[in-house]
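Engineer: Please work out how this folds:
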Amino acid sequence: MKSKLALLSLYLFLPAIMIAQSTSNKQPTAKEQFSSLEVTTGYSMVLGDYGSSVEGSDKAGYAGNGWLAQLTFDWIGKHHFGLAIQYTFQQNPYKEEAKTVSPDEVHDSSYFLGPGKWSNNYLMIGPVFLTTIKKLQIDAKILVGVILASGRTFTTTNPSSKENNSNTATGLAYQLSAGVGYALSKNFILKVNLSYLGGYPSKKKQYGAQLIGYEQYKDPVSGIVILKPVYSAPAEYNIKKVVSALNPGIGLIYKF
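Structural biologist: As a prediction, this is how the structure comes out:
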């Protein structure tokens, strides 16, 4: 897995590095500091376990291709490097197969994953490299943060009430991205980019012993019949999934 991520990182950042090196003798070192706001939307193509439909697999996500939108604030320093803060929303519908598959921790034979969708929220921060060649702007980012994932994937059944409870999973998230923009004016830039977005959402849910009723108990000595409380057994669920998607997109940057 690490080797695949390393190759993907090289693929994403190599164009920006090669172009920056080839023009290093022609362009003076940037001295201007600036900030920008970037709005991007794109297509979310599922990869690996996220799109797996293997029944019985703990990691299978049954996710289909979807879309994402993100808002990014970039601060760029004097030497092409800066800091990016980004919010991303990603949505992937469940595949057709999910209509006959129950979530991992649901004990209701009539409750299925589909129809439905993954809804993922990301908040990430990390370094950004940006260089300008005439009207072209080239950037690369490495971001890390948190994912909040919701959907029927993380539903659990309360053993006492038999109710199905929806949950939100959290975990580590990261994104590798590279993009090329064209300056429409001094302040506005039209951009295309490619990113790899990943996350490890998990949800641990505990249910304690709860009173579910009473049963009659006859004392063998006295013969007296009493009502004895009956409690459900405690239960603990631990759901772990992997989110992985390649996202081509287009966006607009406001530079200030």
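
Engineer: So E97 lies in a strand, does it not?
Structural biologist: No - under DSSP: H, G, I helix; E, B strand; the rest coil, E97 falls outside any strand and is assigned helix.

Engineer: burial count for it?
Structural biologist: 15 (other Cβ atoms under 10 Å). Where C-beta positions appear, they are placed from N, C-alpha and C, glycine not excepted.

Engineer: Tell me the confidence at it?
Structural biologist: Looking at E97, its pLDDT is 95.

Engineer: Verify the contact between it and Y62 for me.
Structural biologist: Yes - E97 lies in contact with Y62 (Cβ atoms under 8 Å); the separation is 6.3 Å.

Engineer: and for those two, which residues touch both?
Structural biologist: The contact sets of E97 and Y62 overlap at 53, 114 (Cβ atoms under 8 Å, 6 or more residues apart in numbering).

Engineer: Please enumerate the strands of the stretch 101-250 of the chain.
Structural biologist: Along the stretch 101-250 of the chain, counting by DSSP state E, counting those that start in this stretch, strands occupy 117-133, 136-150, 156-157, 164-165, 168-183, 188-199, 202-207, 211-218, 225-231, 235-240, 243-255.

Engineer: for the ones you listed, which one ends up most surrounded?
Structural biologist: Among the strands of the stretch 101-250 of the chain, strand 156-157 has the highest mean neighbour count (mean count of other Cβ atoms under 10 Å), at a mean of 22.

Engineer: Which strands and helices lie in contact with that strand?
Structural biologist: Counting contacts by 3 or more Cβ pairs under 8 Å, 6 or more residues apart in numbering; DSSP states H and E, strand 156-157 packs against strand 164-165.

Engineer: I'd like the mean pLDDT over the strand it packs on, please.
Structural biologist: For strand 164-165, mean pLDDT rounds to 94.

Engineer: Need the contact partners of it.
Structural biologist: Under Cβ under 8 Å, 6+ apart, the answer for strand 164-165 is 106, 108, 111, 155-158, 205.

Engineer: Enumerate every residue touching G145.
Structural biologist: Contacts of G145 were listed using Cβ under 8 Å, 6+ apart, and they are 86, 122-126, 172-174.

Engineer: try it again with 6 Å
Structural biologist: Neighbouring residues of G145 by Cβ atoms under 6 Å, 6 or more residues apart in numbering: 123-125, 173.

Engineer: Reformat the strands of the stretch 101-250 of the chain into JSON lines and put distance to V46 next to each item.
Structural biologist: Listed next are the strands of the stretch 101-250 of the chain as JSON lines, based on distance: least, Cβ to Cβ, whole Å:
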{"stretch": "strand 117-133", "distance to V46": "9"}
{"stretch": "strand 136-150", "distance to V46": "13"}
{"stretch": "strand 156-157", "distance to V46": "24"}
{"stretch": "strand 164-165", "distance to V46": "25"}
{"stretch": "strand 168-183", "distance to V46": "15"}
{"stretch": "strand 188-199", "distance to V46": "10"}
{"stretch": "strand 202-207", "distance to V46": "19"}
{"stretch": "strand 211-218", "distance to V46": "40"}
{"stretch": "strand 225-231", "distance to V46": "42"}
{"stretch": "strand 235-240", "distance to V46": "17"}
{"stretch": "strand 243-255", "distance to V46": "5"}
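
Engineer: closest one to G56 among those strands?
Structural biologist: For those, proximity to G56 was assessed by Cβ to Cβ; strand 235-240 is nearest, at 14.4 Å.

Engineer: Show me what that closest one is in contact with.
Structural biologist: Contacts to strand 235-240, defined as Cβ under 6 Å, 6+ apart, come from residues 104-105, 154, 156, 159, 202-207.
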